[in-house]
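> give the three-dimensional model of this entry:
(chains A and B)
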Amino acid sequence: MSRVLEIAPGVIALSDIEPVAGRSWRPVGATGFEPFNKYVCLADEKALVIDTGPLAHRDQFLAALEPVIGSRHVTVMISRSEPDAITNVGAVVDRYPDLRVLGIMKNLPLLGLVEMQRKPREGLVAERMIFNQPLTDYGFPLITPHDPVIKTLSTIWIWHRGADVLFTSDSFSADLLTQADGAVIRTQPQGRPQPATIRAHALAKFDWLEHAWTEVHARAWDRFFEGGVPTIIAPGLGRIQAGEALAAQVVADYREALFGADLKRN
Amino acid sequence: MGNDRAAEPEDDGLSVTMGVPKDIPVFPRQFAPGAFWFTGCLRITVNGKELHNHNSCFLLMGDKRSVLIDTAPPFAWESMWPQLLKALDGRPLDYIFPTHPEAPHMGNLGRLLRAFPDAKVIGDTRNYELYVPEAAHRLQPMGPGEKIDLGGRTFVAVPAVVHDLVNTLWAYEEEHRILFVSDGYPYTHDHMEGECAMTSNELAQLPRVEDTRVVIEGALGWTRYVDADITIASLRDLLAQYPADIIAPTHGGVILNARELTDVFETGLRQANGARA
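Sure thing, here's the model as predicted:
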């Protein structure tokens, strides 16, 4: 069963741990273990599932999900259109046929991108979320999808204003475990990845950054965080960063890694 | 099978027949000896206009072995599966080469591996034990430059100089100089019935720069932020090493007028720089 961790009141992480060595989105030589995180946000009668993991995690993910959700009505949303996020949407639809599905892709039908064992209920389609528009219709008025500063494919960041959690999909993912049974949630700054390490991980996933004009991204970054840094940074891959001071330090580290130490704030 | 008249390349690999063919071509389409094209076409609406978006895959048949390049997305399974069987004509599928792990390119991998229990997955397979865990023992990694002899034809994995996910590979077939470019050379076009299986030279109108926008601004959105000259230089280096008479994109029809469409693609990349904001 996936590890079940309450990272904030009503916000649950379901984590599966995999060895890092040889993953295509990690720098050559990277070692350790990588948490694959799915999240559930709970309201009285509603549950919002963020990402579903790759096929290798399907059974343990579903086993962990069931007691977390209980009898709540499910909405599943994906943070990016990669197999790590979307593959088990089909299994979730099979298990919770009355659910709603939220996608982000403009030109591809989310439910047509995954295998399903059973025919979904008549009329079920993936509804398209809109950036900056709270998920009020789904029972989560304090949760809002945002356009990420850095992305390759269709991707969203999701801000839970009530719990002060930022779900960052494949960004903020450089912090790994040295042992498979290590703590998925980091609360102390000591030993956190430094900007050079963060940059190596970022380039392993977003290789285009190496040659990119990033002043646009730096401006967007500063705009995004000008109102403050969330208390918890919750990536889809890598360790979760929890605590106001730690999260602020981590945002500063990533800014330096992505845009350089000398780049003035915009 | 399909319309071989217009699809068969000339010996010099440069001149092709232009214009709409008399007979409407259908899938599976043979576009070179032993090379077949299938697609899972999707009608999409962009700015109120209906466009047609290919999600293609390609079969190369050698004397000894066969390889499927990309798998089409799950929503296209019902249409691509009988096309694949027809092209295989009773032979097994030996290799599957998903250019990268994204649903339009590998979404039917699990089904194919179940259907062909001896088939191997080739390419950059580093993460695939997470995606097809039951077939982890059937992953056969290939890096750029590595070759497989299919019997009378050679399949080469080559660097994907234009890609979305970093673990993308393109492929090259040496004997007929076919370059399989995944998300490269994309073009959608105003949808017209009967155009689905047409090669680029058979369309009533040559694909235009604006037809490349859907994919360039979407999957290849990063091209806004990287000097197009860098990308184009990499593309030209690749084409010098692997000269292509036929280009097979996943999100566009098969290209027989490679030189002209290279100009269109390069112009699309340059225009993307202009969209930087």
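
> would you mind giving the secondary structure of the residue of chain B found nearest chain A?
Nearest residue of chain B to chain A (CB to the nearest CB) works out as B:Phe75 at 2.9 Å. Any C-beta I mention is one placed from the backbone N, CA and C, and that applies to glycine too. What DSSP: H, G, I helix; E, B strand; the rest coil gives for B:Phe75 is helix.

> for the chain, longest helix please?
Using chain A here. helix A:244-259 (DSSP state H).

> not what I meant, chain B
Criterion DSSP H: the longest helix present in chain B is helix B:258-274.

> so which elements touch the helix or strand of chain A with the lowest mean pLDDT?
Across the helices and strands of chain A, mean pLDDT, DSSP states H and E gives its lowest value to strand A:126-128, namely a mean of 90. Taking 3 or more CB pairs under 8 Å, 6 or more residues apart in numbering or on different chains; DSSP states H and E as contact, the helices and strands that strand A:126-128 lies on are strand A:100-103.

> does the strand it packs on reach chain B?
No. Using CB under 8 Å from any CB of the partner chain, strand A:100-103 never reaches chain B; the gap is at least 11.7 Å.

> in the chain, which spans are helices?
Picked chain A for this. Under the criterion DSSP H, helices of chain A are mapped to A:58-69, A:83-86, A:89-95, A:195-205, A:215-225, A:244-259.

> let's do chain B instead
B:4-7, B:77-88, B:103-106, B:109-115, B:128-131, B:213-217, B:228-241, B:258-274.

> could you redo those helices as a markdown table and give each row mean pLDDT and mean neighbour count?
Below are these laid out as a markdown table (pLDDT from 0 to 100; neighbours: other CB atoms under 10 Å in any protein chain shown):
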| stretch | mean pLDDT | mean neighbour count |
| --- | --- | --- |
| helix B:4-7 | 33 | 18 |
| helix B:77-88 | 95 | 17 |
| helix B:103-106 | 94 | 28 |
| helix B:109-115 | 97 | 18 |
| helix B:128-131 | 96 | 22 |
| helix B:213-217 | 80 | 21 |
| helix B:228-241 | 96 | 15 |
| helix B:258-274 | 91 | 19 |
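
> and the end-to-end length of stretch A:228-235?
With CA to CA, to the nearest Å applied, stretch A:228-235 spans 18 Å between its terminal residues.

> can you tell me, leaving aside adjacent residues, what's nearest to the residue in the stretch 51-200 of chain A that chain B sits nearest to?
Of all residues in the stretch 51-200 of chain A, A:Gly112 sits closest to chain B, at 2.9 Å by CB to the nearest CB. Computed as CB to CB, 6 or more residues apart in numbering or on different chains, the closest residue to A:Gly112 that is not its neighbour in sequence is B:Phe75, at 2.9 Å.

> what's around that neighbour, how many residues?
21 (other CB atoms under 10 Å in any protein chain shown).

> pretty sure A:Asp175 contacts A:Gly191?
No. Using CB atoms under 8 Å, A:Asp175 makes no contact with A:Gly191, being 9.2 Å away.

> distance of B:Lys22 from B:Gly194?
B:Lys22 sits 12 Å away from B:Gly194, taking CB to CB, to the nearest Å as the criterion.

> so which of the two has more stuff around it?
Neighbour count, other CB under 10 Å: between B:Lys22 and B:Gly194, B:Gly194 has more, with 12 against 8.

> check contacts around that one.
Counting by CB atoms under 8 Å, 6 or more residues apart in numbering or on different chains, B:Gly194 makes contact with B:Ile24.

> how close does it sit to B:Pro25?
Distance, B:Gly194 to B:Pro25, by CB to CB: 8 Å.

> in terms of secondary structure, what does the longest helix of chain A contact?
Judged by 3+ CB pairs under 8 Å, 6+ apart, helix A:244-259 is in contact with helix A:195-205, helix A:215-225, strand A:232-235.

> least reliable of the ones you listed by average pLDDT, please.
Averaged per stretch, pLDDT over the helices and strands packed on helix A:244-259 is lowest on helix A:215-225, reaching a mean of 93.

> for it, buried residues please.
Residues of helix A:215-225 classed as buried: A:His217, A:Ala218, A:Ala220, A:Trp221, A:Asp222, A:Phe224, A:Phe225 (neighbour count, 16 or more other CB atoms under 10 Å in any protein chain shown).

> any idea of the angle that helix forms with helix A:244-259?
Per axes from the mean of the first three to the mean of the last three CA atoms, to 10 degrees, the angle that helix A:215-225 makes with helix A:244-259 is 170 degrees.

> helix A:215-225 close to chain B?
Yes. Helix A:215-225 reaches chain B (CB under 8 Å from any CB) through A:Val216, A:His217.

> can I get that helix in CSV? Just the C-alpha atoms.
Extracted in CSV, the C-alpha atoms of helix A:215-225 (Å, rounded to 0.1, in the frame of the first residue of the first chain):
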residue,chain,number,x,y,z
GLU,A,215,13.9,36.5,-18.2
VAL,A,216,10.2,35.9,-19.0
HIS,A,217,10.1,33.0,-16.6
ALA,A,218,12.0,34.9,-13.9
ARG,A,219,9.3,37.7,-14.2
ALA,A,220,6.5,35.1,-14.0
TRP,A,221,8.2,33.5,-11.0
ASP,A,222,8.5,36.7,-9.1
ARG,A,223,4.9,37.6,-9.9
PHE,A,224,3.7,34.2,-8.8
PHE,A,225,5.4,34.4,-5.4
